[in-house]
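S.K.: Below is the sequence, then the predicted model.
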Amino acid sequence: MPSRLDGPQKVTGQARYGMDHTPPGTVYGYLVLSTIAHGEIEAMDVTTAKGAPGVLGVYSPFDPLDLRTPTTPFFGETWVPLQSREVTYYGQPIGFVVAETFEQARDAALLVQVTYQARPALTSLEDGLATAQDAPAAMDGAPPSLSVLAPGVESIEDALAASPVVVDATYRTATQNHAAMEPHSAVAYWTAEGLTVHSGNQASDLQAAELAGALELKPSEVHAVNPFVGGAFGGKGRTSAPAFLAAAAARALGRPVKAALTREQVFTATATRAATVQKVTLGADTDGTLIAIRHDSWCSTDAARSFVEPTSHGTSREWYATQNLAISQKMVPLHVPPTTFMRAPGEAPGSFALESAIDELAVALRMDPIELRLRNNSSAPPGKDLQWSSKHLDECFRIGADRFGWADRSPGGHRDGDWLVGLGVATAMFPALRFPASVEVTLQQDGTAVVATSGADPGTGLLTVLSLIGAESLDITPERIVPRLGDSSLPSGGLSGGSTATASAGTAVMAAATQAIDELLALASGPGGPFDGQEVTYADGRVFAGDRTMPFAEVLRAAGRSSLSVTGSSAPGEELTKHSFSSFGAQFCEVRVHRWTREARVSRMLGVFDAGRIINEKAARSQIIGGMIWGVSAALHEGLDIEANGRLANADFAGYLLPVNADIGEVGVHFVEYPDTLHNAVGAKGLGEIGTVGMAAAVANAIHNATGVRVRHIPITIEDLL
Ligand code: MOS
C-alpha cells in the first residue's frame, strides 16, 4: 500500500506550514487575552506598549482593526476579535500588538494595562444545569427533543415502567481541546490582487470566504493557501483569530504580518469540545431485547451558544433498534471558551454514555455484552424506514471477538500478578456523509495529469487519496498523477471534516476523469485529430482506434493542445431518499489496573470497522489508530480543569494530559471491506472520526470487568479506582 506522498516532506522538515512563510518585510503580531471570565473592558492603557521598542500598532476594542462578522452558508456567523468590549470568557482575544520582531510584540503585549468592570461568571456545568435551555435544532435539522413510541404506548416513562430490566445512570465527560501540533497561526500580506493568507485550516475556500466577508472583499480577492496543516480535528474548521487579525493588521500597516497563538493561548483563543452530562435509561426484556431507550443530554456552550455537542442526537440517528426512543438535548451557556466540532462531535462523548449503559445492562442481564449488542442490531436508524445501505457490524464483532480472544473473558476479569486484567467492548458508529465538491483534472503533454481541488489535507492523507482515485479513474499509474490541494484558487473541494473528504472529493475526481476521457476521445476523433472520424476507445492512459493506439500525451500533441482541463462536480442527491448511511465498528480493549497503585493501563486494543471501500489501507489504519488512541486519551487523560474564575488550570501539555507512547500498548485495526456504492461512486463511507467513537466506553467497561468499579465519568483517574 502506498505511503502518503507528503510524508517525506513532513518528516524531513521540507513541508512548509503556514508559519514557515516569511515574506520580505514581515512584522509580528501577538495577542492579548482577557484575564476575567465575564464583564466589560472599562479601559485599556496602551501608552507604554505603543512606546515600546519596535512597536508598530496596538489594536483593541477601543482602537479596533477594520473587520466585520462574516457569514458563510456552511458555518453561519463566525466570531471576529476586537469588535466589542464585552468579555465572555477568560482568555478571550482582546488586543493585538504588532512589532518589528516577535519578542518586541510579546514584550509590548505584556505592557497593555486592562481595567475591567467584572460581572459574576458562571463557569461550571454542574452549577449551570439549573439554567439549561433547549438546544437549537441540530445541523441536520433534528429538533432538541424527539420521541418515537410503539403503537399504543403513551410515553417513554410507560415503556420503561413496562420493561422487566431497567438500567438508569448519569455519565459525565470533560471539556477537551483539539490540541493540534500546529498552533493556530497565520501569515498575511496584500498585493494589487488582494490578500494572501497562509494559515492551516480544513477547507481553503471556506477560509477565503470567511476572510472575504470579514474584510469586505470578493472571495476571489482572497488567496488562502494551506497545502500542509499540522492537525485540525474540527478546531480549524473556522478561520482563527490570528488569521483575521494578521490579515486586517497587514492591510492597516502595509506590511506582511505573522501571528501565532502560544500553546497556552490555543487552549482558550480557539474553541473546545463541550463538557457533557448525560442521563441514559435503558429498558429491556429478560432476553436482552431493548424495549426503550431514553437519552437526555446537557452540554456546556459559550455565551454565544456557538455549538451544541449533539450527544443524544447520535443515539436517535444511528444506534440500536428499539420501539421506544426519547432523546433530549439541552445546552448550558457558560462563561467559558467557545465550543465547536471536535472529531466525532456528538458520537465521541455520546457513545461513552450509551455504550457504558449498554455494558451496565449486560451486567444486569448476566449476558455477554457482544450478544446483547447484536440482539439489538438495527437494520435502519431507530424510528426510520430507510434501511442502512450496508451494515456489517455483526461481522466486525465476530472477527474482533475471535482475534481478541473474547471467549477467554470472564465476568470478573482475571489476575496477572499484581495486575487486575479486564476486557471491554463497545460499538462505534458515525454517519456516512458527503458534501458538494468540485475537482479539476488536467491531462498534460508530458503524460501526467493534475488532480486539483481547494480543500485541505490536515494530516488525513487526502492528497494521496486524490492521486489514487485519479490514477484509477484515468487508468494510469499513481506516479503520473500530480495532486494539488489546499489552495482557495482551485475548484471548491469541500471540507476535510465530518469524515466526508474521500467520498466528496473522490466522487468529484471520478466525475472529472470521466469527462476528461470523453473530451480526449472527442479531440482524438474530431476534425484534425489523430483519429479523425474513427471509432475510439480509452484504456490504460491511451486512445485506441482499430489496431492503432496512442498515449493521451501524444493525442494532445497531435491535436496541437498543450493540455486538456475539465472540472467535475459531485453532490449528495437522490440516494438520500433511498437509504440511511453510516460507518460501523467494534472496539475491543484490554485494561490492566494495578492492585496497589490503581493505575490503569490499556495493554491491548483492537478495532474492526465497516467503513465501505478503503482507498489506502495504510493511511486508513494510521488514521484509525490515531482515533482509537484519542479514545484512550479521552478515557484516561484529557480534560480541562476550569477554575471558578474561568481560568483554565491546565492550559499546557504539562497539565492537559495526552497519552505518550508508553501509555499505549498493542493497537490492532481491521477492516471488513464492503464498498458502498449506494452511498457514492467511490464506495467509501468515511473513517476519519469513527476510530475514536466507543473507545472511551470500551476502556471504562474493561476497567469494570477488571475491578468491579463502574466509573461514569471521563477522564478516569487513579482516585476513581482507589
Ligand atoms: Mo471534524 S470534528 O469533522 O474535523
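M.R.: Now that the structure is in, tell me what you want to look at.

S.K.: quick one: contacts for the closest residue to Gly486 other than its chain neighbours?
M.R.: The shortest distance from Gly486 to any non-neighbouring residue, by CB to CB, 6 or more residues apart in numbering, is to Pro227 (3.9 Å). In this view, the C-beta of every residue, glycine as well, is placed from N, C-alpha and C. Pro227 is in contact with Asp6, Ala15, Arg16, Asp457, Leu485, Gly486, Asp487, counting by CB atoms under 8 Å, 6 or more residues apart in numbering.

S.K.: show me the contacts for the second one.
M.R.: Put plainly, it is Ala15. So Ala15 contacts Asp6, Gln9, Pro227, Phe228 (CB under 8 Å, 6+ apart).

S.K.: gap between the residue nearest to Gly486 and the ligand?
M.R.: With the distance defined as CB to the nearest ligand atom, to the nearest Å, Pro227 ends up 18 Å from the ligand.

S.K.: Can you list phi and psi of that residue for me?
M.R.: When read as degrees, to the nearest 10, the backbone of Pro227 gives phi -60, psi -30.

S.K.: Check the burial of the residue of the stretch 501-650 of the chain found nearest the ligand by counting its neighbours.
M.R.: The stretch 501-650 of the chain approaches the ligand most closely through Ala501 (9.4 Å), counting by CB to the nearest ligand atom. The tally of other residues near Ala501 (other CB atoms under 10 Å) stands at 32.

S.K.: Can you give me the pLDDT of the nearest residue to it once chain neighbours are set aside?
M.R.: Among residues not flanking Ala501 along the chain, Leu462 sits closest, at 5.0 Å (CB to CB, 6+ apart). At Leu462, the pLDDT value in this model is 97.

S.K.: what does Arg317 give?
M.R.: Arg317 is given a pLDDT of 86.

S.K.: how near is it to the ligand?
M.R.: With CB to the nearest ligand atom as the criterion, Arg317 and the ligand are 15 Å apart.

S.K.: Contacts only, for that residue.
M.R.: Contacts of Arg317 (CB under 8 Å, 6+ apart): Asp140, Ala142, Pro381, Pro431, Ser582.

S.K.: try Leu463
M.R.: Leu463 makes contact with Arg4, Leu5, Asp6, Asp457, Pro483, Leu485, according to CB under 8 Å, 6+ apart.

S.K.: hang on, it in a helix?
M.R.: Yes. According to DSSP: H, G, I helix; E, B strand; the rest coil, Leu463 belongs to a helix.

S.K.: For it, which non-adjacent residue is closest in space?
M.R.: Closest residue to Leu463 apart from its sequence neighbours, by CB to CB, 6+ apart: Asp457 at 4.6 Å.

S.K.: Could you pull up phi and psi at the one you found?
M.R.: According to degrees, to the nearest 10, Asp457 has phi -120, psi 90.

S.K.: what bridges to Asp296?
M.R.: Lys279, Ser328 (DSSP bridges).

S.K.: Tell me how many other residues crowd it.
M.R.: Asp296 has 19 neighbouring residues, counting by other CB under 10 Å.

S.K.: Might one say that it is in contact with Thr311?
M.R.: No. Contact between Asp296 and Thr311 fails when scored by CB atoms under 8 Å: they sit 9.6 Å apart.

S.K.: Just give the number of residues close to Val266.
M.R.: As a burial measure, Val266 scores 23 neighbours (other CB under 10 Å).

S.K.: So it, which state does it fall into?
M.R.: Classified using three-state DSSP, Val266 is helix.

S.K.: Tell me which helix or strand the nearest residue to it once chain neighbours are set aside sits in.
M.R.: Leaving out its chain neighbours, the residue that sits closest to Val266 by CB to CB, 6+ apart is Pro183, at 5.0 Å. Secondary structure from DSSP states H and E places Pro183 outside every helix and strand.

S.K.: JSON lines for the contacts of Leu463, including neighbour count and secondary structure?
M.R.: Below are those laid out as JSON lines (neighbours: other CB atoms under 10 Å; DSSP: H, G, I helix; E, B strand; the rest coil):
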{"residue": "Arg4", "neighbour count": "21", "secondary structure": "coil"}
{"residue": "Leu5", "neighbour count": "20", "secondary structure": "coil"}
{"residue": "Asp6", "neighbour count": "20", "secondary structure": "coil"}
{"residue": "Asp457", "neighbour count": "25", "secondary structure": "coil"}
{"residue": "Pro483", "neighbour count": "25", "secondary structure": "strand"}
{"residue": "Leu485", "neighbour count": "27", "secondary structure": "strand"}
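
S.K.: out of these, which one sits closest to Met628?
M.R.: Arg4 (19.1 Å; CB to CB).

S.K.: Name all residues that make contact with the residue of the stretch 251-400 of the chain found nearest the ligand.
M.R.: Residue nearest to the ligand within the stretch 251-400 of the chain: Phe341 (3.7 Å; CB to the nearest ligand atom). Applying CB under 8 Å, 6+ apart, we find Phe341 in contact with Gly234, Gly235, Gly237, Phe307, Gly497.

S.K.: Can you tell me, leaving aside adjacent residues, what's nearest to the second one?
M.R.: This means Gly235. Nearest to Gly235 is His178, by CB to CB, 6+ apart, at 3.3 Å.

S.K.: With the third one instead?
M.R.: Of all residues not flanking Gly237 in the chain, Gln202 sits nearest, at 4.9 Å (CB to CB, 6+ apart).

S.K.: In the stretch 201-350 of the chain, where is pLDDT below threshold?
M.R.: Within the stretch 201-350 of the chain, no range satisfies pLDDT under 70.

S.K.: any chance of the contacts of Ala15 in CSV, plus distance to Phe671?
M.R.: Below are the contacts of Ala15 laid out as CSV (distance: CB to CB, whole Å):
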residue, distance to Phe671
Asp6, 23
Gln9, 27
Pro227, 28
Phe228, 27
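
S.K.: For the ligand, state which of those residues is nearest.
M.R.: Phe228 (16.3 Å).

S.K.: The residue of the stretch 551-700 of the chain found nearest the ligand - how many residues pack around it?
M.R.: Closest residue of the stretch 551-700 of the chain to the ligand, CB to the nearest ligand atom: Glu689 (6.2 Å). As a burial measure, Glu689 scores 28 neighbours (other CB under 10 Å).

S.K.: what sits against it?
M.R.: Shown in contact with Glu689 (CB under 8 Å, 6+ apart): Arg343, Ala344, Glu347, Ala348, Phe430, Gly498, Ser499, Gly627.

S.K.: May I have the secondary structure class of the closest residue to the ligand within the stretch 451-600 of the chain?
M.R.: Across the stretch 451-600 of the chain, the shortest distance to the ligand (CB to the nearest ligand atom) belongs to Gly497, at 3.2 Å. Under three-state DSSP, Gly497 falls in the coil class.

S.K.: This protein against the ligand: which residues are in contact?
M.R.: By CB under 6 Å from any ligand atom, the residues of the chain that approach the ligand are Gln202, Ala232, Phe233, Gly234, Phe341, Met342, Arg343, Pro345, Gly497, Gly498.

S.K.: measure the fifth one to Pro349 for me?
M.R.: Just to be clear, that refers to Phe341. Going from Phe341 to Pro349 by CB to CB, to the nearest Å gives 12 Å.

S.K.: again, but for the fourth one
M.R.: Distance, Gly234 to Pro349, using CB to CB: 13 Å.

S.K.: In terms of helices and strands, where is the closest residue to Thr72 other than its chain neighbours?
M.R.: The spatially closest residue to Thr72, leaving aside those adjacent along the chain, is Ala209, at 5.0 Å (CB to CB, 6+ apart). Per DSSP H and E: Ala209 is located in helix 204-215.

S.K.: That'll do, ta.
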